[in-house]
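Visitor: no sequence for this one, just the structure:
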């Protein structure tokens, strides 16, 4: 009796599986449109999420509503409608996050250029960095981020530092302004705390 019951369940499962397999259909025009390059040499991807790993460890996640892949004399990726990145430490904890209204990555140079309302928040220190533009060059170990434009840093305690030019590590734990000014507390011996 249990043998008959088991065979009925298997037959029912196979029938339902076949039904679902045959019921799925892709619109041919939609598939062709998905795989088709735009006529001007630009490919589009929407709602993208890219993971950047080193030796199998997550270092960053980049998300954007729109990414354009342009094949021209210099191939590049463009993020014309904002981008967001999260950076992780060795323990896979989120250390910092970055937003910008525009980004561009050139394959040959391996550098990402960010501009328009660039904002970086260090999750561990509580500092927030604001700048007009920022370069992200992963080949510059220890100072992956840099800019020569105006920078404003709001520290966790509410104080601000301003300057022109900055270099920072990928986690934004260590950064320095090349031409800085602003309020710094000292401990009485003349040196900043």
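Guide: Received the coordinates, thanks. Since the model is a prediction, treat every value here as computed from it, not as a measurement.
Visitor: what's the nearest residue to residue 49 if we skip its chain neighbours?
Guide: residue 63 (4.9 Å; CB to CB, 6 or more residues apart in numbering). (Glycine included, C-beta is placed from N, CA and C.)
Visitor: and the strands in this structure?
Guide: Counting by DSSP state E, one finds strands in the chain at the ranges 42-54, 57-70, 76-79, 83-88, 94-100, 102-106, 111-122, 128-137, 145-154, 160-168, 175-182.
Visitor: tabulate those in JSON lines, adding columns for mean neighbour count.
Guide: Listed next are the strands of the chain as JSON lines, based on neighbours: other CB atoms under 10 Å:
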{"stretch": "strand 42-54", "mean neighbour count": "12"}
{"stretch": "strand 57-70", "mean neighbour count": "17"}
{"stretch": "strand 76-79", "mean neighbour count": "19"}
{"stretch": "strand 83-88", "mean neighbour count": "20"}
{"stretch": "strand 94-100", "mean neighbour count": "20"}
{"stretch": "strand 102-106", "mean neighbour count": "19"}
{"stretch": "strand 111-122", "mean neighbour count": "18"}
{"stretch": "strand 128-137", "mean neighbour count": "18"}
{"stretch": "strand 145-154", "mean neighbour count": "18"}
{"stretch": "strand 160-168", "mean neighbour count": "18"}
{"stretch": "strand 175-182", "mean neighbour count": "14"}
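Visitor: pick out the shakiest of the ones you listed, pLDDT-wise.
Guide: Mean pLDDT is lowest for strand 175-182 among the strands of the chain, at a mean of 81.
Visitor: any chance you could list what contacts that one?
Guide: 129, 145, 148, 151, 153, 159-169 (CB atoms under 8 Å, 6 or more residues apart in numbering).
Visitor: need the max-distance pair from those residues.
Guide: 148 and 159 (23.7 Å; CB to CB).
Visitor: which residues touch the residue nearest the centre of the chain?
Guide: Closest residue to the average C-alpha location of the chain: residue 62 at 2.1 Å, with CA atoms, centre = their mean. For residue 62, the contact set (CB under 8 Å, 6+ apart) comprises 48-50, 52, 83-85.
Visitor: do that again at 10 Å, thanks
Guide: 48-52, 79, 83-87, 98, 103, 105, 112 (CB atoms under 10 Å, 6 or more residues apart in numbering).
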